[in-house]
Structure formats: structure tokens, C-alpha cells
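Peer 1: Provided below for reference: sequence and predicted model.
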Amino acid sequence: DRLFTHPALGLLVFIAVMGGLFYTLFALATIPMDLIEATFTHLGDLSTRLLPEGPVRDLVSQGIIGGVAGTVVFLPQICLLFFLISLLEDTGYLARAAFVMDRVLRRFGLPGHAFVPLLTSSACALPGIMATRLIPDRRDRLATILVAPLMSCSARLPVYVLLTSLLFLSQPLRAAAVFVACYLLGAVTALVTAAVFGRTWLKGDARPMVLELPTYKWPSLRNALYTAKDQGLAFLQTAGTVIMAICIVMWWLSAYPRVDPTPEANQLRARAETLADADPRRETWVTEADRLDARAAQRGSFAGRLGRLAEPVFAPLGFDAQLTVGVLTSFLAREVFVSTMSVLVGGSGDADVDAGVIERIRGATRDDGTALFTTATSASMLVFFVLAMQCLPTLAVTRRESGSGKYALIQLAYMSTLAYAAALAVYQGLRLGGAA
């Protein structure tokens with residue numbers, strides 16, 4: 001205890017233990033996550049082959065299977081996280097860790113117990129919010145739930161990679177510095193927001209930690225396995241109800257109404273049919289025709305129409321109709337932004353941020369022919385994605401863990417307002433400063 005609860009050495013031990021926990025989490029969860037992705041991919045292909053062509057097949061393969069797959073893939077991380085936390089708690093160390101972090105987090109109105117949920121949210125806010133069950137006081141638990149999504153999760157990474165690459169072409173050091181700054185911005189904002197909540201709406205300081213440090217002992221594997229199973233089943237129950245409904249609605253908005261193939265795409269396919277199979281131009285023209293049809297379908301869908309309707313709201317941030325569609329569709333999941341922009345400005349819907357995708361998006365233009373991703377627009381969008389609540393499954397879990405939809409609405413409202421105000425300040429400030 002002289003080591004584990006020491007103000008300085010105890011903090012270093014805590015960082016080492018948490019680093020080991022999350023290294024184990026990411027290292028061991030990769031294989032089952034890949035297996036789940038492969039399983040859902042197989043189910044999607046199977047439904048495509050077995051069901052007749054039509055809206056029912058699209059609903060099952062894209063709306064239900066494709067949508068739920070993006071959430072259930074986090075099940076291994078959730079189960080493994082609670083398994084490891086249960087082991088730490090049984091050893092008696094977790095109480096010491098909370099005691100050490102309490103000194104830091106209490107300054108922002110949070111208890112020491114909040115550190116594990118906040119750190120977990122750096123991987124995904126879903127298990128992070130579920131980990132707030134470790135916090136005994138309801139006021140402290142609500143404060144942690146409300147600020148946890150501000151921690152930069154892994155779903156933001158593709159967007160960060162894309163926008164930092166657009167901002168700093170051939171400047172990897174600056175891009176890396178801004179990348180780290182995104183994480184710091186989210187973490188600092190979470191702590192400051194918690195402090196504001198503690199002085200206003202959730203008025204009160206974090207409850208002082210009065211606890212009896214348990215004795216050290218060997219952990220119970222059986223208890224840890226039962227804990228992991230219970231938390232995993234609770235997560236699946238949410239994924240099988242609220243999250244599935246959300247996925248179906250968002251798929252419908254993106255898929256309907258149906259749009260006929262464009263004349264340009266039909267001409268390209270007709271020209272491709274006249275070429276020999278070995279001619280490389282054949283595949284190129286077919287791919288370009290598919291891209292034109294995908295872009296037309298995206299623009300003609302209800303989501304696309306909502307984008308044009310909402311464009312005046314986002315125009316002060318530097319977003320045109322294309323970027324507005326990307327923002328709206330990314331409310332299902334943040335990483336959808338990259339694939340949406342890839343479809344809208346050229347190429348396939350591949351969400352991998354490779355050099356080809358970056359170059360296509362870099363050359364995107366507005367309707368008047370000017371560059372879309374200027375420095376001011378890219379910076380504004382980066383700040384917006386750091387702070388905005390763009391994850392409907394997270395809102396569903398917030399509602400479940402808080403016991404009321406009111407807190408999910410508050411979370412959505414304050415994070416959206418904060419993101420909008422910060423992005424507006426960045427865009428208008430850079431424009432006034434003469435940024436291109």
C-alpha cells in the first residue's frame with residue numbers, strides 16, 4: 001500500500017496497470033472481433049444468395065445484418081474488459097487505483113471510479129458507459145455517462161486520419177501533432193464539462209471516497225467469467241432491440257427512394273460491353289458507372305434530401321450539401337463519414353483511408369467549382385467530429401444505463417451545441433485570418 005497508494009508512485013503503477021489492461025484488451029479481442037466480422041459478412045452474402053432480389057433482401061443484408069454487425073463487433077471487447085476488471089477488483093487493487101485517481105478527478109467533480117470508464121471510452125463509448133456501473137453514487141455515475149462520449153473513440157480514427165491528411169499534405173509531423181491534439185481536446189473538454197455539470201445541473205461535488213481497502217487475494221476466474229457473460233448478454237439485449245431499430249431506420253433513409261441509373265452510367269456500361277473482357281478499360285468504365293449510380297442514389301435518397309435541406313444550418317461551418325450528407329449519415333456511426341464522402345466525390349464506398357481515397361476527396365469541389373476541403377473547412381470539420389455526439393448506439397446505451405431517455409437527449413443536445421459552436425469559431429476565425 002505504501003507503493004500502490006503513494007501520490008506519485010501509485011499514479012505510475014496505475015498507468016502501468018491500465019496500460020497493460022488495455023494492451024491485453026486490444027491484443028486478445030482482435031481475433032474474435034475479426035471472426036464476428038467474417039461471420040456477419042458470410043451471413044450477409046448468404047442472405048443475398050437465398051433471398052429473392054428486392055427490398056426484403058436489401059433490408060436483411062444491409063439494414064439488419066450490416067447495421068447490427070457494426071455494433072456487435074464490440075462484444076469481445078466488452079466481455080474481455082469486464083472480465084479483466086473483475087480480476088483486478090478481486091485482487092484488491094482496483095480500490096487502490098480508485099483511491100489514487102480520486103485526487104486528480106475530484107478537482108473536476110468526478111470520483112476516482114470514473115477513470116476506468118473514461119479510459120475505456122477511448123476504445124468505444126459503449127463499454128465505457130457500461131463500465132460506469134462500478135461507480136456507487138448515482139450523481140457521479142450520471143456525470144461520467146454524460147461526458148464519456150467526448151473521449152475520442154476508435155470510430156473517430158478514420159475521420160481523424162482523413163482530415164489531418166487533407167490539412168497537412170506531406171507533413172507527417174504536423175499531422176501527428178494535430179492527431180494527438182484531437183485526443184487531448186476531447187479529454188480536456190470531458191473534464192471541463194464534468195466540472196460545469198457539477199456546478200450547475202448536477203450540482204454538487206463528487207462524493208468523498210470513504211472505503212475500506214480490501215485484503216489482497218487471488219482473483220476468482222469463475223466470478224470473472226460470470227461477470228463477463230452477464231455484461232455481454234446485457235449488451236446483446238440492447239443491440240437486438242433499440243440498436244437494430246435505429247439501424248433499420250437509418251438504412252431506409254439512405255436507401256430510399258430508389259433512383260434510376262443515370263444516362264452517363266448507362267452509356268459507360270454500353271461502351272464497356274463493346275470491349276473485350278481482357279481490355280482494362282472495361283473494368284474501369286464499369287467501376288465509374290457504378291460510382292455515378294451510387295452518387296446519384298446517395299443524393300436522391302431521403303438522407304441526401306435531408307442534407308440539402310439542412311445545408312443552410314451547416315453552411316456557417318463551411319459545409320456544403322455533400323458534407324452535410326456526410327455529417328447526417330455519420331450519426332449512425334462516425335466512420336460512415338469516410339465511405340459516404342468517397343461515394344459522393346468519387347470512387348467506391350470503401351471506408352479504408354488509403355492514398356487513393358484521400359486524393360479523390362482532396363480534389364472534391366463545390367457546385368461553383370471551388371475546392372471543398374479548404375484549410376478552414378477541414379479544421380472546422382475535425383473539431384466538429386471531436387466534440388459531436390454522432391453515435392446513435394451510444395445514445396441507446398446511455399438511455400439504458402441512466403434509466404431515462406432524458407439523459408440521452410441532454411447528451412445529444414449539449415454535445416451537438418458544443419461541437420457546432422467550436423466548429424463555427426474555428427471556421428470563421430481561420431477565414432478572417434486568411435486561411436485558404
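Peer 2: Great, that's in hand.

Peer 1: is it fair to say residue 65 lies in a strand?
Peer 2: No: per DSSP: H, G, I helix; E, B strand; the rest coil, residue 65 lies outside any strand segment and is helix.

Peer 1: Go ahead and measure how far the lengthiest helix in the chain is from the middle of the chain.
Peer 2: Using DSSP state H to define each element, the chain has its longest helix at helix 9-50. Relative to its parent chain, helix 9-50 has a centroid offset of 15 Å by Cα atoms, centre = their mean, to the nearest Å.

Peer 1: Show me what it is packed against.
Peer 2: Helix 9-50 sits against helix 66-72, helix 75-91, helix 93-105, helix 115-120, with contacts defined as 3 or more Cβ pairs under 8 Å, 6 or more residues apart in numbering; DSSP states H and E. Heads up, the C-betas are built off the backbone N, CA and C, glycines and all.

Peer 1: Go through those and name the closest to residue 265.
Peer 2: Of all the helices and strands packed on helix 9-50, helix 66-72 sits nearest to residue 265, with 23.7 Å by Cβ to Cβ.

Peer 1: where do the helices sit along the stretch 201-350 of the chain?
Peer 2: Along the stretch 201-350 of the chain, the segments classed as helices by DSSP state H, counting those that start in this stretch run 221-238, 244-255, 263-273, 280-300, 302-314, 321-329, 336-345.

Peer 1: pull the CA atoms of the first one into PDB?
Peer 2: Presented in PDB, the C-alpha positions along helix 221-238 are these (Å, rounded to 0.1, in the frame of the first residue of the first chain):
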ATOM      1  CA  LEU A 221     -11.900 -16.900 -12.600                       C
ATOM      2  CA  ARG A 222     -15.400 -18.200 -12.100                       C
ATOM      3  CA  ASN A 223     -16.700 -14.900 -10.800                       C
ATOM      4  CA  ALA A 224     -14.900 -13.000 -13.700                       C
ATOM      5  CA  LEU A 225     -16.400 -15.300 -16.300                       C
ATOM      6  CA  TYR A 226     -19.900 -14.900 -14.900                       C
ATOM      7  CA  THR A 227     -19.400 -11.100 -14.900                       C
ATOM      8  CA  ALA A 228     -18.300 -11.100 -18.500                       C
ATOM      9  CA  LYS A 229     -21.200 -13.300 -19.500                       C
ATOM     10  CA  ASP A 230     -23.800 -11.100 -17.800                       C
ATOM     11  CA  GLN A 231     -22.400  -7.800 -19.300                       C
ATOM     12  CA  GLY A 232     -22.200  -9.400 -22.700                       C
ATOM     13  CA  LEU A 233     -25.800 -10.600 -22.600                       C
ATOM     14  CA  ALA A 234     -27.000  -7.100 -21.400                       C
ATOM     15  CA  PHE A 235     -25.200  -5.600 -24.400                       C
ATOM     16  CA  LEU A 236     -26.700  -8.100 -26.800                       C
ATOM     17  CA  GLN A 237     -30.100  -7.300 -25.500                       C
ATOM     18  CA  THR A 238     -29.700  -3.700 -26.300                       C
END
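
Peer 1: Does it pack against any helices or strands, and if so which?
Peer 2: helix 75-91, helix 125-130, helix 392-402.

Peer 1: If we go by neighbour counts, what in that helix is buried?
Peer 2: 224, 227, 228, 231, 232, 234, 235, 236, 238 (16 or more other Cβ atoms under 10 Å).

Peer 1: With respect to residue 93, which of those residues is nearest?
Peer 2: Nearest to residue 93 among these, with distances taken as Cβ to Cβ, is residue 224, at 13.8 Å.
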